[in-house]
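Undergrad: Give me coordinates for this.
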Amino acid sequence: FFVEISQTTTPPPSKIMRLSVLLLLVAAGQSAAFYLPGVAPRAYQKGDVIPLLVNRLDSSEAIMPYDYYHFDFCEPGEEVADANVANQKPREGAKVSENLGQILLGERIRHSPYHIRMLEAIECDAVCVPKVYKTRDDKKYTSLRHAIVKSYMHHWIMDNLPAVECVQRCAGGVRPEDQPLYRLGFPVGCSIGAEDTRSTTVCTNANLKNMHADEVFINNHVDFTISYHESSEFVGARIVGVEARPRSINHKDISALSCAPGQDAQPFTVPQDDKGKEGDLAVIYTYSVVWKPSEVKWASRWDTYLSSGESASIHWFSIVNSLVIVVFLSAMVGVIIVRTLHKDILRYNQGDTLEEAQEEFGWKLVHGDVFRPPAHSMLLSVCLGNGLQIAIMCVVTLCFACLGFLSPATRGGLMTAMLVLFVGLGVVMGYVSARAYKTFGGEQWKTNVLLSAFLFPGIVFTIFFLLNLVLWAHESSAAVPFGTLVALVLLWFCVSVPLTFLGAYLGFKKPPIEQPLRTNPIPRQIPTQPLYAQAWVSIVMGGILPFGCIFIQLFFILNSIWSHKLYYVFGFLMLVFAILVITVVESSILLCYFHLCTEDYHWWWRSFLTGGSAALYLFAYSLFFYSRGMEVDGGTNFALYVGYTLIFTLLFWLMTGALAFTGCFLFIQKIYSVIKVD
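TA: Alright, predicted model coming up:
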């Protein structure tokens, strides 16, 4: 509606503000309300049914995750007849409520047909009737075998705890270095490949028994070891650990099951569809449950999972590495400000009395052009608004994460918080963009508001939608449902856009930022610049040091995203982010000062691009990580990886560019405000 009204008849923002705030609070309340019941501890009585939930299946060798029931595992309603559990099983096809962050991350939590009761052991029980697969021309059989070959992992949940598999030092010990090492989830099966290329990345020693080259085994049995804690402070017992040990057992008959851990059972082989015999392949899924008392309290039950992550020493090494760069840059900036600039300002201000300072030189020569409005001021103001919006969103999110509100126990909380903050900070984006555009002398304020609200959010949504089409085509669980896409669009148009209009209204109501010096009517000619002072050279050089501060932490972030590991060191990340901000600002100020000394006053866009050039190195490193740190192949996986990386790179470019511009703007305003100009 801003297009149809004039600047003098802008309506009061009270209605827009009330509606936007109401919608935002409703969205935040809904997203937070999904998972509140799982936060408080729960004590179970003996015999209570404990739901076992199943999540998506993912792999470090493929980008696309899949729903658990995409592979035709046992479903509720297919259990072997048992009167004792007939009334306790979850309804068929039951889904668990998920927040917006979980949906965007591709999590699909469902009820399972596993029946587990508190403190009731199970020796060997069939999950369901035998699952029969056609070994020839069966899509589900092919998908199941593909999941095993590509090392897809199960992710099961019990009492909000993920099931883990012990992969090293399972016997345990007293010393910290002897503690077991766990990984999230466990593999669908085991495939070690050909003799010359065999890999045991996913297969454990239990899986490798009796295996031969090119054989593919399915883990059709799971041994659960559930740790529980009892105390006089509460009635019942609380679950403090869930360990799953998968095995492959070739059951001959469902009426004569044998799952004893000591026996040397023949694994269940899954042949290739072109080599297997024509006919049916019946798979019997079984499980056993063992209960183990533990001294671990409920409040500390996540420590076992988090201690299996990377050592803190490597994060401290990253911090020290970044601090060395910051100290180096700060020393250079200090030398410039304390010595060089101080002497320059004294010389310029005493020019009337010193004969040798009668002629101006250096950065003072461009005092009449340094505040000349930049080219493409509309686009620059939009970039500034979006960049500062992202920067503030990151700061607030990291603060909440460091305080523990966005722990791994709160599934999808991090993504939900970032999205809600991004939408709510539309008012900041509109205000900054409008105020900057007015300072640049722009008059097309309607176009500025519309571009601020739709340009970069539209680019991100377009890339995201195209990637979602690919995921839809492959039936991946990461494909966002149509209803969620509609909700995202409504959140954008009904909350973010009105808040952007509100911020723009407030920004245009403010006077433009007053500059300390007047701008000459005729632009000054810029002398020929040496090679080191060329714009492209400074842009390329400007991103090296900021990227050097974050590349170690970036490895852990990429490894957490694409290898599906827990990332919980938000304190380290907060420090690295603060160091990144300081490095971006200081490096941009240095390069900006050097260019002003060469009488080049085109600093507006250069400062933004200098800070944003770290995104180029981030994108290049992400491609390097894909080629060297991931075992992913195929054009579809590469396209998805590049698409998501482009979104992240664009957001990072806007944030670092806006931070660099803000630092340079304040620096230039300060140094030109303390000199005397005739």
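Undergrad: Residue 58 falls within a strand, correct?
TA: Yes - counting by DSSP: H, G, I helix; E, B strand; the rest coil, residue 58 is part of a strand.
Undergrad: Tell me who's in contact with it.
TA: 65-66, 106, 152-153, 155, 564 (CB atoms under 8 Å, 6 or more residues apart in numbering). (Glycine included, C-beta is placed from N, CA and C.)
Undergrad: residue boundaries of the helices in the stretch 151-300 of the chain?
TA: Along the stretch 151-300 of the chain, the segments classed as helices by DSSP state H, counting those that start in this stretch run 205-208.
Undergrad: pLDDT weak spots in it?
TA: Scanning the stretch 151-300 of the chain for pLDDT under 70 picks out the ranges 173-174, 176, 192-214, 262-265, 273-279.
Undergrad: What's the separation between residue 606 and residue 375?
TA: To residue 375, residue 606 is 11 Å away according to CB to CB, to the nearest Å.
Undergrad: More neighbours: which of these two?
TA: residue 606 (24 against 10; other CB atoms under 10 Å).
Undergrad: Retrieve the pLDDT associated with that one.
TA: Model confidence at residue 606, given as pLDDT, is 92.
Undergrad: Just the pLDDT for the closest residue to it other than its chain neighbours.
TA: Distances taken as CB to CB, 6 or more residues apart in numbering place residue 535 nearest to residue 606, at 5.7 Å, with adjacent residues excluded. Here, the pLDDT recorded for residue 535 equals 82.
Undergrad: With residue 463 instead?
TA: Note on residue 463: pLDDT of 97.
Undergrad: Residue 59 now?
TA: pLDDT recorded at residue 59 is 90.
Undergrad: from the middle of its chain, how far away would stretch 548-564 be?
TA: 10 Å (CA atoms, centre = their mean, to the nearest Å).
Undergrad: in it, what counts as buried?
TA: 548-556, 558-560, 562-564 (16 or more other CB atoms under 10 Å).
Undergrad: quick one: which of these is nearest residue 622?
TA: Checking the buried residues of stretch 548-564 against residue 622 with CB to CB, the nearest one is residue 558 at 6.7 Å.
Undergrad: from memory residue 66 sits against residue 188, does it?
TA: No - in this structure residue 66 lies outside contact range of residue 188 using CB atoms under 8 Å: 10.4 Å.
Undergrad: any idea which helix is longest in the protein?
TA: helix 635-673 (DSSP state H).
Undergrad: that older thread, among residue 66 and residue 188, which residue is more densely surrounded?
TA: Shown here are residue 66 and residue 188; by other CB under 10 Å, residue 188 has more neighbours (28 against 23).
Undergrad: picking that back up, tell me which of the buried residues of stretch 548-564 fall in helices.
TA: Per DSSP H, helices hold the following members of the buried residues of stretch 548-564: 548-556, 558-560, 562.
Undergrad: Including pLDDT and distance to residue 284, could those go into a markdown table?
TA: Listed next are those as a markdown table, based on pLDDT from 0 to 100; distance: CB to CB, whole Å:
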| residue | pLDDT | distance to residue 284 |
| --- | --- | --- |
| 548 | 85 | 55 |
| 549 | 85 | 54 |
| 550 | 87 | 50 |
| 551 | 84 | 49 |
| 552 | 83 | 47 |
| 553 | 85 | 46 |
| 554 | 89 | 45 |
| 555 | 88 | 42 |
| 556 | 85 | 41 |
| 558 | 90 | 40 |
| 559 | 86 | 36 |
| 560 | 86 | 36 |
| 562 | 88 | 34 |
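Undergrad: lowest average confidence, helix or strand, in this protein?
TA: Using mean pLDDT, DSSP states H and E, helix 14-33 stands out as the lowest-scoring helix or strand of the chain, at a mean of 43.
Undergrad: C-terminal to that helix, what's the next element?
TA: Of the helices and strands lying after helix 14-33 in sequence (DSSP states H and E), the nearest is strand 52-54.
Undergrad: Quick check: neighbours of that following strand in the sheet, parallel or antiparallel?
TA: strand 110-111 (antiparallel), strand 156-158 (antiparallel) (DSSP bridges).
Undergrad: could you give me the average pLDDT of that strand?
TA: 94.
Undergrad: how close does the spatially most central residue of the chain sit to residue 150?
TA: In the chain, the residue lying closest to the centroid (CA atoms, centre = their mean) is residue 561, at 6.4 Å. Residue 561 sits 18 Å away from residue 150, going by CB to CB.
Undergrad: next one: residue 107
TA: For residue 107, the distance to residue 150 (CB to CB) stands at 19 Å.
Undergrad: neighbour count winner among the two?
TA: Ranked by neighbour count (other CB under 10 Å), residue 107 and residue 150 place residue 107 first, with 23 against 20.
Undergrad: Any idea how many residues pack against residue 325?
TA: When neighbours are counted by other CB under 10 Å, residue 325 comes out with 19.
Undergrad: and it, what element?
TA: Element membership for residue 325 (DSSP H and E) is helix 312-335.
Undergrad: ok, the nearest residue to residue 510 once chain neighbours are set aside - contacts?
TA: Nearest non-adjacent residue to residue 510, counting by CB to CB, 6+ apart: residue 435, 5.9 Å away. Going by CB under 8 Å, 6+ apart, residue 435 touches 507-508, 510, 512-513.
Undergrad: And residue 435, how far from residue 235?
TA: Distance of residue 435 to residue 235, computed by CB to CB: 60 Å.
Undergrad: next one: residue 295
TA: 19 Å.
Undergrad: repeat for residue 140
TA: Taking CB to CB, one finds residue 140 at 45 Å from residue 235.
Undergrad: more neighbours, these two?
TA: Per other CB under 10 Å, whichever of residue 140 and residue 235 has more neighbours is residue 140, with 14 against 9.
Undergrad: Give the buried residues for the one helix or strand that one maps to.
TA: Using DSSP H and E, residue 140 sits in helix 139-149. When neighbours are counted by 16+ other CB under 10 Å, the buried residues of helix 139-149 are found to be 141-142, 144-145, 147-149.
Undergrad: who touches stretch 112-123?
TA: Under the criterion CB under 8 Å, 6+ apart, residues 44-54, 68, 74-79, 82, 85, 88-89, 125, 127-128, 156, 158, 224, 226, 228, 236-237, 259, 287-291 lie in contact with stretch 112-123.
Undergrad: okay, that stretch in PDB with CA atoms only?
TA: The C-alpha coordinates for stretch 112-123 follow below in PDB (Å, rounded to 0.1, in the frame of the first residue of the first chain):
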ATOM      1  CA  SER A 112       7.200 -46.800  16.400                       C
ATOM      2  CA  PRO A 113       5.800 -50.300  17.000                       C
ATOM      3  CA  TYR A 114       8.400 -51.100  19.700                       C
ATOM      4  CA  HIS A 115       6.800 -51.800  23.100                       C
ATOM      5  CA  ILE A 116       9.000 -51.000  26.000                       C
ATOM      6  CA  ARG A 117       7.800 -50.900  29.600                       C
ATOM      7  CA  MET A 118       9.700 -49.400  32.500                       C
ATOM      8  CA  LEU A 119      12.100 -51.900  34.300                       C
ATOM      9  CA  GLU A 120      10.700 -54.900  32.200                       C
ATOM     10  CA  ALA A 121      13.500 -56.700  30.400                       C
ATOM     11  CA  ILE A 122      12.900 -58.300  27.000                       C
ATOM     12  CA  GLU A 123      15.200 -61.100  25.900                       C
END
